[in-house]
Structure formats: structure tokens, C-alpha cells
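S.K.: take this sequence and fold it.
(one chain, ligands or ions: 2)
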Amino acid sequence: MSFSNKVFIVTGSARGVGAGIAENILQNGGRVTISDVLNEVGLATTDRLAKLYGTEKVTFIHCDVTNQQSFESLWSETEKIFGSPVQVLVNNAGVFHNAGWEKCIDINLKGLMIGNYLALDRMGKTKGHGLGGQVINVASLAGFVAGSDAISSPYFASKAGVISLTKSIGNDLTLRTEGVRVNAICMGYTDTGLFNKNKQLNDQILEEVGGTKNLLPVSRIVDAFQVLMSNGKVNGRSLCVMANIPMWYYPRHDRQEIIFWACGAKLFKRLRPNAMVMEPWHQAVFFIGFQLFLFIALQTLWRIFF
Ligand SMILES: NC(=O)C1=CN([C@@H]2O[C@H](COP(=O)(O)OP(=O)(O)OC[C@H]3O[C@@H](n4cnc5c(N)ncnc54)[C@H](O)[C@@H]3O)[C@@H](O)[C@H]2O)C=CC1
Ligand SMILES: CCCCCC(=O)/C=C/[C@H]1[C@H](O)CC(=O)[C@@H]1CCCCCCC(=O)O
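M.R.: Ligands and ions are numbered 1, 2, ... in the order given. Modelled structure (predicted):
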């Protein structure tokens, strides 16, 4: 997809996934601000990319995503340097749980909230430049599943928050009123520089996923970024990326899931009027019963009509 001079900001793009996305933007004719708290690494990446794609196409601006002022000046500086409004924000900056739980939540969730609200403010039709735009939040499959220990729980919780934020901001009303679409990329274990730093964790992860062949290369996340950029319709969605299989969108669910289980509880109340709680095994029976009901209903319809 050609980005023909579109202006992008990618947070946490000194290295890893963010640097990969920034390079892809340049390869496709866009302009990008690389931003990070790591000045040296960020400047080195920017120099390398400037040599390949032109100094007028890429710049580095220090930004700590947890700091509102820092984010605001990243945005304003970018527009000043490139002389055009920012049209896409990629909220990629993130840390793992080994940074400590408060930092993990601050950077992975609060930092993304600052980015999302600022994007609505600056790109939106009501207060911003009015051209609309896109936000891509880098979440993780960790946002859908449970971690296996308390130590890693802040990371899983932060990513679940990002997915929820994406669903809630990426709604039809916001799209209509602000012209801003918000989606997330949810990938599994990815082979970035950081992944290789902690040997003990690496070995544990490699055992869990079954070897390096099941790690995602950064290029797959870049492909996911391209998919979201070229699909002009999706909003509030999470694009899931797993090794060796096609990407897929996680169902948005909205309220259907709650309604489904509430129906189960209503039915349960008829069977056990005095029960205070529907236990997990009751739920399992309801779920299997529902599937059986569907199966029989479909079979009956098939017999009637064919
Ligand atoms: N590597 C993996 O296995 C996976 C990574 N992710 C997510 O992908 C994103 C990128 O991760 P990687 O490239 O693997 O890690 P990385 O550590 O190589 O890149 C993250 C970047 O964010 C920067 N950063 C940290 N705190 C910051 C702050 N306060 N403000 C601005 N920048 C800050 C770091 O300096 C670093 O350059 C993260 O959000 C991560 O959670 C999601 C799934 C799997
Ligand atoms: C199905 C879970 C996919 C998680 C993908 C992800 O975001 C991985 C990130 C790890 C990164 O490669 C290095 C890390 O420290 C991140 C978190 C690792 C969590 C491991 C905890 C093991 C567990 O609780 O299952």
C-alpha cells in the first residue's frame, strides 16, 4: 500500500516491532517520526533509515508516552517538522512485567490512553484538524488469555486493558463524529531484540511455543500493520497474529456474550429458583446443551427443507 507522504508517529520505535513498522512506512513512501525514551538507539535507527529513504522522510523525537506533555510536544513537533498533519498514530511502546507492575501498567495502558485521547483531539473533526485518521494499538494475545503466574499478571492485565480500550474507543459513533478509526494488533511471541535478552525467560517461552519456528518474525507484525492500513473499514477490532497461520480478527462480541450467559442464568433460575450462583459446571452443562440444541435444530430444518 502506498502511503504517499502521509505522516505517521510510531511510539517506542527505536528498535524491535516499532522500528520494523517505521521502516515499512518509509518503504511505502510515508514520513515517520521515530520516538522513544532511548535516545541513542532511536537516533541510530533514524540515521540508518534516513540514509536509506532520505533525511526529509524521517526524524527522531524523544517521547515518554506516560507523560502527557511529552506526547503533546511529540505531536506538535512532528507536524512542524513535516509541515503536514499527523494521520496515523501507532501506539507501540511497551514493556514487559520485569519492568515492575506499576511501570508496566503506566507504559502499556496509561501511555496508550494518553495516545488515543490525543489522537482524537488532534485528528478528530470536533476539536482537531478534522481530517480524521487512524490509531493502531499494539496489544498482544496476552490480552485474551490468562498468564500462568502472578509475576507476569501485570503484563497480561495491561494488554487486556488495551484491547478493551480499542473496542470502546473504536465505535461507530466516534468514527462518525471524529473520523478516527482505532484497531489493535494482537500477536503472540515475537522475535525482537528484547526477546533474546533474558535467556531463562527465552528458554521457558521457547519450550511453551515449541521452538523458534513458532516465534513470529517482526515482518509478520509489519504485515498485520499493512492489513489494518489497507482495510478502510475495520474499527474497534483486534487483528490476531500467530506463527504459521493466517491472521484473523477476534470477534468483537460487544454484548452478545453477556446476553448468552445471562440467558443461561435465567434458565438456571427456573430449574433452581433458590440458587444464588450458577457454578462453572452448570455453565458448562448449559453451553453443551445449547450446542446440542443448535445441532438438533439445524438437522430438523435440513430434513424439512431438503
Ligand atoms: N516481543 C514480543 O514477544 C511481543 C511484543 N508485544 C508488544 O509489542 C510492542 C513492542 O515490543 P518489542 O518490539 O518486542 O519490544 P522492545 O523493547 O524491542 O520495544 C519497545 C520499545 O518501547 C520503548 N519504551 C519503553 N518505555 C517507553 C516509554 N515510557 N515511552 C516511550 N517508549 C518506551 C522501549 O525503549 C523500546 O524501544 C510492545 O507493546 C509489546 O508489548 C506483543 C506481543 C509479543
Ligand atoms: C499467549 C500469550 C502470548 C503472549 C505474547 C506476548 O505478548 C509475549 C511477550 C513476552 C516477550 O516476548 C518477552 C516477555 O517478557 C513477554 C511476556 C512473557 C510472559 C511469559 C509468562 C509466561 C506465562 O505466564 O504464561
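S.K.: up against ligand 1, what does the stretch 201-306 of the chain have?
M.R.: Residues of the stretch 201-306 of the chain lying near ligand 1 by C-beta under 6 Å from any ligand atom: none. C-beta here means a position set from N, CA and C on the backbone, and glycine is covered the same way.
S.K.: my bad, should have said the stretch 51-200 of the chain
M.R.: Counting by C-beta under 6 Å from any ligand atom, the residues of the stretch 51-200 of the chain near ligand 1 are 63-66, 92-95, 107, 111, 138, 140, 187, 189-190, 192-195.
S.K.: which of these fall in helices?
M.R.: In helices, defined here by DSSP state H, the members of these are Gly111.
S.K.: Gln256: neighbour count?
M.R.: Using other C-beta atoms under 10 Å, Gln256 is surrounded by 10 other residues.
S.K.: with Thr300 instead?
M.R.: 10.
S.K.: run the chain-centre distance for the host helix or strand of it.
M.R.: Taking DSSP states H and E as the criterion, Thr300 maps to helix 280-305. In terms of C-alpha atoms, centre = their mean, to the nearest Å, the gap separating the centre of helix 280-305 from the centre of its chain is 34 Å.
S.K.: buried sites along that helix?
M.R.: Buried residues in helix 280-305, counted by 16 or more other C-beta atoms under 10 Å: 282, 286.
S.K.: which secondary structure elements does the helix or strand bottoming out on mean pLDDT in the chain contact?
M.R.: Least confident element among the helices and strands of the chain, by mean pLDDT, DSSP states H and E: helix 199-209 (a mean of 83). In this structure, helix 199-209 makes packing contacts with no helix or strand, judged by 3 or more C-beta pairs under 8 Å, 6 or more residues apart in numbering; DSSP states H and E.
S.K.: got the CA positions of it in PDB?
M.R.: The C-alpha coordinates for helix 199-209 follow below in PDB (Å, rounded to 0.1, in the frame of the first residue of the first chain):
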ATOM      1  CA  LYS A 199      17.900 -16.400  28.500                       C
ATOM      2  CA  GLN A 200      15.800 -18.000  31.300                       C
ATOM      3  CA  LEU A 201      12.600 -16.500  30.000                       C
ATOM      4  CA  ASN A 202      13.500 -17.200  26.500                       C
ATOM      5  CA  ASP A 203      14.000 -20.900  27.200                       C
ATOM      6  CA  GLN A 204      10.700 -21.000  29.100                       C
ATOM      7  CA  ILE A 205       8.900 -19.400  26.200                       C
ATOM      8  CA  LEU A 206      10.600 -21.500  23.500                       C
ATOM      9  CA  GLU A 207       9.500 -24.600  25.400                       C
ATOM     10  CA  GLU A 208       6.000 -23.300  25.700                       C
ATOM     11  CA  VAL A 209       5.700 -22.500  21.900                       C
END
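S.K.: and after that helix, which helix or strand comes next?
M.R.: Next along from helix 199-209, by DSSP H and E: helix 218-230.
S.K.: buried sites along that following helix?
M.R.: 218, 220-225, 227-229.
S.K.: nearest to Arg237 among those?
M.R.: Leu228 (8.2 Å; C-beta to C-beta).
S.K.: surely that closest one is in contact with Asn183?
M.R.: Yes: using C-beta atoms under 8 Å, Leu228 makes contact with Asn183 at a distance of 5.2 Å.
S.K.: shared neighbours of these two, which are they?
M.R.: 134, 136, 234, 239 (C-beta atoms under 8 Å, 6 or more residues apart in numbering).
S.K.: which residues does the second one contact?
M.R.: It stands for Ile136. With C-beta under 8 Å, 6+ apart, Ile136 has these contacts: 88-91, 182-185, 225, 228-229.
S.K.: part of a strand, is it?
M.R.: Yes: under DSSP: H, G, I helix; E, B strand; the rest coil, Ile136 sits within a strand.
S.K.: quick check: closest non-adjacent residue to it.
M.R.: The shortest distance from Ile136 to any non-neighbouring residue, by C-beta to C-beta, 6 or more residues apart in numbering, is to Val90 (4.8 Å).
S.K.: number of nearby residues for the one you found?
M.R.: Neighbourhood size, Val90 [other C-beta under 10 Å]: 27.
S.K.: quick check, it in a helix?
M.R.: No: with three-state DSSP as the criterion, Val90 is strand rather than part of a helix.
S.K.: what's across from it in the sheet?
M.R.: Val10, Ile136 (DSSP bridges).
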